[in-house]
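Enquirer: okay, predicted coordinates and the sequence, questions at the end:
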Amino acid sequence: MTAPAAPGRLGVPLEPTATSRYLTDLEHWVTLRRTELDTLDAAALGAPAATAASATADLTLSMALWKAVSDRYALLVATWDGGRVGPVERERLATLVWGRLDTPAAAGQTGLALSLPEACRLSDSLVAALRVRLGLDLSGAEVTARLRALRAGLERIRDQVGTEPAGARQQQAAATSARLARRLTELTDKAGRGGDVVGLLGPLEIEAAVFERDLIVGAARRQQAALQLATARRLRAELEVRESAVRDLVTACVATVDPAPRYAVPDVSAVGPVPNTPAALEAYLTRLGQVGRAMTVVHTAYGNALAEHAELAGRLDALRAKARSRGVADQPDVARAYDLAAETLARRPCPMAIARQLVGLYASYQKEARP
């Protein structure tokens, strides 16, 4: 049995009906693949030493791939939660299917970062090759099914090549796709003539799976770079607007209070223009984040200084209203203390240390005054 076709694609929430069908088929595949691997393991134990030795590495890798797929299937089932999923969970399911698989150490020896469908296809190829090596020949129907699966894979590859940016990279990808298609045609023709193609199928399936994986990863990285570029442009524009507003705040604060904080407003233009390469964008976004945090420090410091001045003025007004309600606002000492505090707060810039003391003095006068 070959692995079921995975629904959707990376970054796009999965459709519930397709997801339910895929999980059912994947559960069946995981169960049967484990049985196949146990059969192959038993065959390897009874095979001649040279044959068993040649099969050991592929068998170990196949076991590790099965474990990685089985673990990912468990995560998919937990996220699926019997179909109780919203947009966030559906997007998470797409990431679990098409994102990088958490391969165990044995699988990591291949040096591949595989998605779940790619790991399943690689497992299919390895098992087919092991069956031939260990004398468990494939039936004609199984060969036909694998050739059909390869044709479907190459069709996906052709579609993916079409999404590559125009240039040398796309030309190279198209040439590789054409070469794989020629090899598949040769195998199909040979199988049609009654020739043995089992030993040639595995290598072609592995190469096609790895190539498709590389195309998918490349497209995902380009998409990520495009998102980073849009994010960098948006953040820079926001910081430029924020810089202008913070400069106005600083000007107002320096004119209103003394002493005012002494911070320089970060200059957004100092980070330079927005780059267009992934590595440079990563560093650029980090610098924009640093500028944003520095601007927050400046904003907070000058905003707090202005807020304190406004708080003192509000407190003085509240104290005067209280003095009037008690009938002591016009007593000479109380009135004189209010005039001093009000005059000091109205001064530009206002000496804040003196203003604090005078507002406190007025509070003491109105409290002690007797109607």
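Expert: Looks like it came in fine. Numbering: from 1, shown residues only.
Enquirer: give the contact list for Gly218.
Expert: Contact analysis of Gly218 by C-beta atoms under 8 Å, 6 or more residues apart in numbering lists Glu164. All C-beta spots, glycine's among them, are computed from the backbone N, C-alpha and C.
Enquirer: am I right that it falls within a strand?
Expert: No: under DSSP: H, G, I helix; E, B strand; the rest coil, Gly218 falls outside any strand and is assigned helix.
Enquirer: on the pLDDT front, check it for me.
Expert: Among the per-residue scores, Gly218 holds a pLDDT of 81.
Enquirer: do the same with Leu136
Expert: 65.
Enquirer: then Val132?
Expert: On the pLDDT scale, Val132 gets 68.
Enquirer: hmm, Ala355 is touching Leu345, no?
Expert: Yes: Ala355 is within contact range of Leu345, at 5.3 Å (criterion: C-beta atoms under 8 Å).
Enquirer: mind checking which of these two has more residues around it?
Expert: Higher neighbour count among Ala355 and Leu345: Ala355, with 25 against 21, using other C-beta atoms under 10 Å.
Enquirer: contacting residues around that one?
Expert: With C-beta under 8 Å, 6+ apart, Ala355 has these contacts: His309, Leu312, Ala341, Thr344, Leu345.
Enquirer: return the distance of the second one relative to Ala53.
Expert: In other words, Leu312. Leu312 sits 87 Å away from Ala53, going by C-beta to C-beta, to the nearest Å.
Enquirer: looking at these two, which is more packed in?
Expert: Leu312 (21 against 11).
Enquirer: other SSEs contacting the strand or helix carrying the more buried one?
Expert: Per DSSP states H and E, Leu312 falls inside helix 278-326. Secondary-structure packing of helix 278-326 (3 or more C-beta pairs under 8 Å, 6 or more residues apart in numbering; DSSP states H and E): helix 198-256, strand 257-258, helix 332-346, helix 352-368.
Enquirer: give me the contacts around the shortest one.
Expert: Residues from elsewhere that reach strand 257-258, judged by C-beta under 8 Å, 6+ apart: Ala305, Leu306, Glu308, His309, Pro349, Cys350, Pro351, Met352.
Enquirer: which stretch among the helices and strands packed on helix 278-326 comes nearest Arg84?
Expert: Closest to Arg84 of those is helix 198-256 (C-beta to C-beta; 27.8 Å).
Enquirer: what angle do that closest one and helix 332-346 make?
Expert: Calculated by axes from the mean of the first three to the mean of the last three C-alpha atoms, to 10 degrees, helix 198-256 forms an angle of 130 degrees with helix 332-346.
Enquirer: residues of the strand or helix carrying Ala55 that come out buried?
Expert: According to DSSP H and E, Ala55 maps onto helix 49-80. Across helix 49-80, burial judged by 16 or more other C-beta atoms under 10 Å covers 52, 54-55, 58-59, 61-66, 68-69, 72-73, 76, 79-80.
Enquirer: cool, and stretch 4-22?
Expert: Pro4, Ala6, Pro7, Gly8, Pro13, Leu14, Thr19, Tyr22.
Enquirer: mind putting those residues into a markdown table with secondary structure, distance to Arg34 and pLDDT?
Expert: As requested, the buried residues of stretch 4-22 are exported to a markdown table (DSSP: H, G, I helix; E, B strand; the rest coil; distance: C-beta to C-beta, whole Å; pLDDT from 0 to 100):
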| residue | secondary structure | distance to Arg34 | pLDDT |
| --- | --- | --- | --- |
| Pro4 | coil | 16 | 91 |
| Ala6 | coil | 19 | 91 |
| Pro7 | coil | 23 | 92 |
| Gly8 | coil | 26 | 89 |
| Pro13 | coil | 30 | 90 |
| Leu14 | coil | 25 | 92 |
| Thr19 | helix | 23 | 93 |
| Tyr22 | helix | 19 | 94 |
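Enquirer: what's the closest of those to Arg247?
Expert: Pro13 (43.1 Å).
Enquirer: so who does the spatially closest residue to the closest one that is not a sequence neighbour touch?
Expert: Excluding its sequence neighbours, the residue lying closest to Pro13 (C-beta to C-beta, 6 or more residues apart in numbering) is Arg90, at 3.6 Å. Applying C-beta under 8 Å, 6+ apart to Arg90 gives the contacts Pro13, Leu14, Glu15, Pro16, Thr19.
Enquirer: just after the lowest-mean-pLDDT helix or strand in the chain, pick out the following helix or strand.
Expert: Least confident helix or strand of the chain, by mean pLDDT, DSSP states H and E, is helix 105-108 with a mean of 42. Towards the C-terminus, the helix or strand next in line after helix 105-108, according to DSSP H and E, is helix 116-133.
Enquirer: for the stretch 151-300 of the chain, what are the low-confidence residue spans?
Expert: 198 (pLDDT under 70).
Enquirer: sorry, back to before: and the residue nearest to Pro13, how close does it get to Ser20?
Expert: 12 Å.
Enquirer: burial count for Asp189?
Expert: Asp189: 11 neighbours (other C-beta under 10 Å).
Enquirer: about what we covered before: what is in contact with Ala355 and Leu345 at once?
Expert: His309, Leu312.
Enquirer: outline the domain layout of this protein.
Expert: 16-229, 231-371 (automatic domain parsing).
Enquirer: end to end on the longest one, go ahead and measure it.
Expert: Read it as domain 16-229. End-to-end distance for domain 16-229: 32 Å, by C-alpha to C-alpha, to the nearest Å.
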